[in-house]
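Trainee: need a structure here:
(one chain, ligands or ions: 1)
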Amino acid sequence: MSSTTPNYSVGNDRFDAEAATWDSKPEVVESSRLCLRTLLHHSPKYVPSLGSASVLEIGCGTGLLTVPLAEHVGSVLALDTAKGMIGMLNAKVATQGLGEKVTAKVKLLENAEDDVLERKKFDLVVSHLVFHHVPDMRQLVAVMLDTLKQGGRVWISDFEDDGPQAEAFHPKDKHAGVERHGLKAQEMEGIMIQAGFKDVEVFESFRMDKEVESGGTQAFPFLAITGVRP
Ligand SMILES: C[S@@+](CC[C@H](N)C(=O)[O-])C[C@H]1O[C@@H](n2cnc3c(N)ncnc32)[C@H](O)[C@@H]1O
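Mentor: Residues are numbered from 1 along each chain as shown. Next up is the predicted model:
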């Protein structure tokens, strides 16, 4: 990496390797389903024009959120830094005839002027289960702000750091590349406000039971972090 590369990328060997089996993990499928359900539930208040919205997704993975979201919005540009993940999503786009609605690209978005965005600004920028892997969240939040139209909304979804128990979200052999064991509500609110978002809200969006390494299941709270570009 050059010294000018922003510090919000992750080593993606892990996600390239995991792409082929990603959709066989019940907990990632379930968390995307719950993320979409929450977003749709809140959309009358937060994104009233969702049906025609242009959406940018950061860290789309294999498209577990992207594909079902696509039927509720105008279009989705889905970016991920792992080639394997985008390969899986592009296969779904082809087999499900979603080419008109979904574009998927391998990209670490460094700024909102990047050619991948084709000079577009978006109504909604979403990201699910990505921020706990991102070294510098402030930089990524600032880039997300710049990708939005005035009045556009960001929707960041990830599990919450609600104390030491959050560490059990990942088994120990998956800790490499995990920058933090969940997001802290107060810290995220501060990052959003400092980046320049208005109408910032951070709230528990759902809880999900997940099997943990020590045996049994544990309930993990997820946060929705949202705000509007002034
Ligand atoms: C835990 S996976 C979640 C994937 C998908 N959102 C889901 O819920 O199934 C995290 C994903 O974020 C991607 N990623 C991490 N940092 C990224 C960044 N700065 N920009 C784009 N993708 C990123 C990884 O390659 C990986 O596919």
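
Trainee: Wait, a strand at Ser157?
Mentor: Yes. Assignment of Ser157 by DSSP: H, G, I helix; E, B strand; the rest coil places it within a strand.

Trainee: need the strands for this structure, in chain order.
Mentor: 54-58, 75-80, 102-106, 122-128, 148-159, 198-211, 217-228 (DSSP state E).

Trainee: and the last one, what does it pack onto?
Mentor: Spelled out, that is strand 217-228. With contacts defined as 3 or more CB pairs under 8 Å, 6 or more residues apart in numbering; DSSP states H and E, the packing partners of strand 217-228 are helix 26-46, strand 148-159, helix 185-195, strand 198-211. The C-beta positions use only the backbone N, C-alpha and C, and glycine is treated the same way.

Trainee: thinking again about what came up before, can I get the strands of the chain in CSV with mean neighbour count, distance to Ser32 and mean pLDDT?
Mentor: Shown next, in CSV, are the strands of the chain (neighbours: other CB atoms under 10 Å; distance: least, CB to CB, whole Å; pLDDT from 0 to 100):
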stretch, mean neighbour count, distance to Ser32, mean pLDDT
strand 54-58, 24, 11, 98
strand 75-80, 24, 12, 98
strand 102-106, 19, 15, 98
strand 122-128, 25, 6, 98
strand 148-159, 21, 9, 98
strand 198-211, 15, 11, 97
strand 217-228, 19, 11, 98
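
Trainee: Ok, which of these comes nearest Pro26?
Mentor: strand 198-211 (8.8 Å; CB to CB).

Trainee: give me phi/psi at Gly97?
Mentor: Backbone geometry at Gly97, expressed as degrees, to the nearest 10, gives phi 60, psi 40.

Trainee: Burial check on it, number of neighbours?
Mentor: By the criterion of other CB atoms under 10 Å, Gly97 has 8 neighbours.

Trainee: Of all the helices and strands packed on strand 217-228, which one is nearest the ligand?
Mentor: Among the helices and strands packed on strand 217-228, helix 26-46 comes nearest to the ligand, with 4.7 Å by CB to the nearest ligand atom.

Trainee: Quick one: name the residues of this structure near the ligand.
Mentor: Proximity of the chain to the ligand, by CB under 6 Å from any ligand atom, involves residues 8-10, 12, 15, 28, 32, 58-61, 64-65, 79-82, 85, 108, 128-130, 133-134, 140.

Trainee: Could you turn the buried ones of those residues into a PyMOL selection?
Mentor: What follows is the PyMOL syntax for the buried subset of these, where burial is set by 16 or more other CB atoms under 10 Å:
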select buried, resi 8+9+10+12+15+28+32+58+59+60+61+64+65+79+80+81+82+85+108+128+129+130+133+134+140
